[in-house]
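**Q** Okay, sequence plus prediction incoming.
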2 protein chains.
Amino acid sequence: MTMQYLTKALCWAMLLSLVLPCRAAEVNLMPWPSKLEQRPGFLSLDSPLRYKVIGKDKRLPNAVSHFKEQLSLRTGIASRAAEVTSSPVLEIRCQSIGPSIQKLGEDESYQLSVVPEKVELTAANPLGILRGVETLLQLVQSGASGWIIPALEIDDHPRFLWRGLMIDVSRHFIPLEILKRNIDGMAAVKLNVLHLHLSDDEGFRVESRRAPRLQKLASDGQFYTQQQIRELVAYAHQRGIRIVPEFDVPAHAVSWLVAFPKLSSAVPPPHVVRGMADGERPTLDPTLPATYATLDTVFGEMAALFPDQYFHIGGDEVDGKYWDRNERIQLWMHKQEIKDNHALQAYFNRRVQAILAKHGKRMEGWDEILAPELPKNSLVQSWRGPETLANAARMGYQTLLSAGWYLDLMFPASLHYAVEPLSGQSANLSADEQTRIIGGEAAQWTEYVTPEVLDNRLWPRLGAIAERLWSPKSITDVDSMYRRLEVLNRNLEWLGLRQRSNSRRMLYRIAGNVPLDLVETLASQVEPVKDYDRGNTQSYDVLKPLNRLVDAVPPESDAAREMTALIRHSIQDRSQRSELRKILIRWRDNDAQLAPLLPGSSLLADLAPLSHGLSVLGTVGLQVLNELDAGTLVTKESRNQQLAAVNESAAPHAELMIVAAAAIRQLVESQPLLP
Amino acid sequence: MTMQYLTKALCWAMLLSLVLPCRAAEVNLMPWPSKLEQRPGFLSLDSPLRYKVIGKDKRLPNAVSHFKEQLSLRTGIASRAAEVTSSPVLEIRCQSIGPSIQKLGEDESYQLSVVPEKVELTAANPLGILRGVETLLQLVQSGASGWIIPALEIDDHPRFLWRGLMIDVSRHFIPLEILKRNIDGMAAVKLNVLHLHLSDDEGFRVESRRAPRLQKLASDGQFYTQQQIRELVAYAHQRGIRIVPEFDVPAHAVSWLVAFPKLSSAVPPPHVVRGMADGERPTLDPTLPATYATLDTVFGEMAALFPDQYFHIGGDEVDGKYWDRNERIQLWMHKQEIKDNHALQAYFNRRVQAILAKHGKRMEGWDEILAPELPKNSLVQSWRGPETLANAARMGYQTLLSAGWYLDLMFPASLHYAVEPLSGQSANLSADEQTRIIGGEAAQWTEYVTPEVLDNRLWPRLGAIAERLWSPKSITDVDSMYRRLEVLNRNLEWLGLRQRSNSRRMLYRIAGNVPLDLVETLASQVEPVKDYDRGNTQSYDVLKPLNRLVDAVPPESDAAREMTALIRHSIQDRSQRSELRKILIRWRDNDAQLAPLLPGSSLLADLAPLSHGLSVLGTVGLQVLNELDAGTLVTKESRNQQLAAVNESAAPHAELMIVAAAAIRQLVESQPLLP
């Protein structure tokens, strides 16, 4: 962290770190707490932990079990922790009992004090204890004389009330146990809302007993039973996480229409959508009484199944053409004096809102639902851009930010980390309006995400977003974030998350009989293409496997980021060049060994241009490096040839790109030209 | 494989491989089948698999589910396999139904035919289908145009009837789910007996309802319920694996004595044994009627719980001192005219055998039970050496080999692979006597093995032993074995085995904030000390954590084996030296970065001498290499100094040793001396 952003407490900690150089660098908290003061010394975990819990909330015993289990896994020491009535080493105190259904805005603050003799974790509300236990686990480290917790004081609370993750379980169904381990991961970074996108054109993913056609005809057999949902809700509740269900209407609703063709605003589709090739995706007909009767039935049932106060109706991307082309709808609109499709959707939303209100829910929707007629207790989730966030707040609605946090777009953690909800237009809102910006959600759409891949799509970046939503606005140092994100990701594997182990297994699968190190040299330097570019070259199709290199590698390459930095430093700093040279030689030479092996496997064949490109980048880089060392000037023509070669190598292939090509371009341009 | 060992069929396959160079190298079967003929071409797995199963045994549907699930995991393609009644692509045929309790000696042979249009798997007995399905899975590979199975004919059957793995679950308890995933691994390499060492001085690990004191007082709360045992037996049965229980008596029986102090031949111990520090380990008193009454009760109950025909009573390492010192036992022996402790144990065994016979079981024991009086239907497990195997066979007993297959001794796979049951004295037995050698078992004692470590102790070597027990005697090529073992280990992770992922997580834990690559450079070159050497420097104690580098690394280092080969080749072959130099430079330079960081963590601190040693070996190696290149001769004195430095670096520290030190010594000795 750079000094300018540090709070007083952090300054103090940093100063202390000059006295105790091995200390401050070792605290790997993510999200960073609102107030932290490090102290000299530490508490030793050598003896079996004597602990005491004062408090009656039913989540506390689970929190303690979780702590004991994780402590044992992370240290590799079988737990012999013992509950005691006097002189505990770990004392957890929370007198109050939380509501049985977790509410938005519940107090999540906690105070943690570690001195060499004792750990005290206190909170006014049980959620604070759950958050504090995660902080405590992140503090456990191996010291010179054994496992320890460094002495410190933490006084922590979240910046935003709603800190969510949306997972689309419709495009690719995500089995329950994978949701569970990701809930554990969410708890570890103090997220508090799991928003499940449960229905879309591709499938309806919850058992309905009142309308069983939904899962029977429109899920391909992949859905959660009601029992599983109850289990999941309880599991999340234990971890201080709310579950908000989304059933997307009136668009993204082909699954509804497969079950109930009569509700369609156009020719009903023969089956759920399987991918881009299925072009026709009609919407619900908002003019039919049967539409609202069905929604009342299903939403009523789902409202009882999902206890949270909020209920998400989607409401995004309504393609008006299905209404424009339907004569009966046009006639009805004319009669009702509904002037356009936007007004028709507003009418639809008001009716849906009334249904939800009857079932005791507050309505939430994507930002397209924003309209003057929208009831004021609705919640607006901004995805199309930050201006809709500011608009919603200005118009009096509670609102959430998701724009800038779409994890499916494969952007680096640094980009998501830089997204600030109260910046841009939102910065100019009144204090009152700003309080309506209650938080945000990372969004994981799953067109290109299978259960095997999910963890590796989420976790290389989710910690950074969680920190933005929890920590003080001033915490923005990117290097520190990456350092702590790395440690977080290591430790998440103790929770059973598989972002690294699955990635590695997939790499083995792709390599097959080809030596892994040859594949890894390439794999470590590539990233999936960004934004919606994948769709340009690979049609989304749920029946096609996602087992290629683009699926195996993380969204962001640590090695590529380090290489980029090394190249840039080497331009000025000669001492970095020998290290750079080593890597460039490997780049240059890898293709000669790898290329002949690629055609032997369909999983490797399309990597040939990338492997060749890496070799070209290595060759050009070495050439420039030698000439820089020798002080040789370059002709304009020669440089242009080099740049052309670099640009060709930087082009995406197999939905992947060589990240450090941009830095090689800078290296080329750094060589002085012949006059 | 060298030509001299090849059967005719293999020769044919190898000849074919000259024509189709990309084919033969790609078949990674382990164990190698008794007869294999490769054909040109392959079957494509691109379309959803149409399969048909002809046969009624209840294990067949499970085998097919397993195949579908593993096929999906290994290829990364969601299963859309469909059962069809006509023109299947995969046809499985087995008309017979196997016995409900798997028997020793059941037919396990199968025939597998793959042509470009169809796979046919046939067997006379369902076990053959289970074995053949594993072969089929091992054949799946990524070809130039997608996933394929190469065309071939396999006619396969095991060499030995009993192919086992013993796991000691008494010293460290192993939870059920970990046993299950290891049963899956056993099935993958066609092992057919899981022998559980269920009681020892350290604990009694099965719920007894008739004698509940056993688990209540002598298990520290870690035991399998009867329901879990039934679940495990059924799980193993589905995979063609028998479960043989062992309850060790009359020694290794402190857990019995903690529950029943009156049965002790000396002062009864206050609690179960926790490690080497607990020196007193009395035996059961074989002179008391109560001893046999208790054994009858418990063995009767266990005989019903474990349906296998065999029941293992241990019988090893009876320390006679507890009988010598007990006056009442001495008096009783005198009265009964039992001349010595060996005879007393033989008496005990005859009575136990009668109890087991009453409960319908055949008795099995370690080789100490061998005595002329031993009933002839007993099974003798040889662990003290191959001569007891030959003796047992000669004396008319069925016998199993475990000597040479103790996985806890940390020997390399090549050593276990070279163990041949019918060699040495056994080679001279008559054909009839040889048939009494019915197989063997790898043995995993768990003094230094926790659940976290188990997979990584077993699987780096178990495939080699499984191959010795299944494949023709002629299959002995070590390079081929290592190549195929590597692929096997990759693929076992699809079954949920964690030998690699756990090892990696442990390495992360040990490294903490120290850069992983520095730790890995050292970790990849060390192996745990061999034989029983660990006990010399680290007392075994079940309450002490096993989370150090010696616990994280595999028993055998692939990198060290490759380095050893590289050093040896470099002595004659100059072209290898530039690669060797690169590695030696890394060895030399790693310590300068790593050493200052080691004292900061108790998990790293004791690695300092090893890290220094690696640096010394790098320095010496580079020096010799430079002089070899220059043709410089060395003085006797200078060489002796180098050898002294190498020897010091080769000494074990932290229960680890640098494996390639021996090859560096050879490198030093290869430099010509000054005359």
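**A** Yep, it's here. Residues are numbered from 1 along each chain as shown, chains lettered A, B, ... in the order given.

**Q** Flag every residue of the stretch 351-500 of chain A that's near chain B.
**A** Contacts of the stretch 351-500 of chain A with chain B, taken as Cβ under 8 Å from any Cβ of the partner chain, map to A:450, A:452, A:487, A:490, A:493-494, A:500. Bear in mind the C-beta positions are built from the backbone N, C-alpha and C, glycine included.

**Q** Considering the residues you listed, which possesses the most neighbours?
**A** Most neighbours among those, by other Cβ atoms under 10 Å in any protein chain shown: A:Glu452, with 23 neighbours.

**Q** what's the nearest residue to the residue of the stretch 351-500 of chain A found nearest chain B if we skip its chain neighbours?
**A** Nearest to chain B in the stretch 351-500 of chain A, going by Cβ to the nearest Cβ, is A:Arg490, at a distance of 4.8 Å. Leaving aside its chain neighbours, A:Arg490 sits nearest to B:Tyr508 (4.8 Å; criterion: Cβ to Cβ, 6 or more residues apart in numbering or on different chains).

**Q** ok, A:Gly320 - contacts?
**A** Counting by Cβ atoms under 8 Å, 6 or more residues apart in numbering or on different chains, A:Gly320 touches A:Asn341.

**Q** picking up where we left off before, and the helix or strand in which the residue of the stretch 351-500 of chain A closest to chain B is found, what's buried?
**A** A:Arg490 is part of helix A:478-492, with elements assigned from DSSP states H and E. Residues of helix A:478-492 classed as buried: A:480-482, A:484-492 (neighbour count, 16 or more other Cβ atoms under 10 Å in any protein chain shown).

**Q** that older thread, isn't the residue nearest to A:Arg490 right next to B:Pro515, touching?
**A** No - if you go by Cβ atoms under 8 Å, B:Tyr508 and B:Pro515 don't touch, sitting 11.4 Å apart.

**Q** Please enumerate the helices of the stretch 551-675 of chain A.
**A** Residue ranges of the helices in the stretch 551-675 of chain A, as given by DSSP state H, counting those that start in this stretch, are A:558-572, A:577-594, A:608-630, A:636-650, A:661-670.

**Q** Any idea how many residues pack against A:Val244?
**A** Other residues lying near A:Val244 total 22 when counted by other Cβ under 10 Å.

**Q** With A:Val272 instead?
**A** The tally of other residues near A:Val272 (other Cβ under 10 Å) stands at 22.

**Q** Would you mind listing where the stretch 551-675 of chain A has pLDDT under the threshold?
**A** By pLDDT under 70, the stretch 551-675 of chain A contains no weakly predicted segment.

**Q** so is A:Val380 in a helix, a strand, or just coil?
**A** Under DSSP: H, G, I helix; E, B strand; the rest coil, A:Val380 falls in the strand class.

**Q** let me redo that: A:Trp147
**A** Quick answer, by three-state DSSP: A:Trp147 is strand.

**Q** Got the domain ranges for chain A?
**A** Chain A breaks down by automatic domain parsing into domains covering A:3-156, A:207-218+A:242-375, A:502-670.

**Q** Out of these, which gets the lowest mean score?
**A** Mean pLDDT values for the domains of chain A show the minimum at domain A:3-156, a mean of 88.

**Q** mind listing the strands for the stretch 401-550 of chain A?
**A** Per DSSP state E, counting those that start in this stretch, the stretch 401-550 of chain A carries strands over the ranges A:437-444, A:526-528.

**Q** Contacts for the last one next, please.
**A** Which is strand A:526-528. Contacts with strand A:526-528, where a contact means Cβ under 8 Å, 6+ apart, come from A:410, A:534, A:549-550, A:553-557, A:560, A:610, A:655-659.

**Q** show me what contacts A:Asp296?
**A** A:355, A:358.

**Q** Please point out which parts of the helix or strand that it is a member of sit buried.
**A** According to DSSP H and E, A:Asp296 maps onto helix A:289-305. Using 16+ other Cβ under 10 Å as the test for burial, helix A:289-305 gives A:291-292, A:294-296, A:298-303, A:305.
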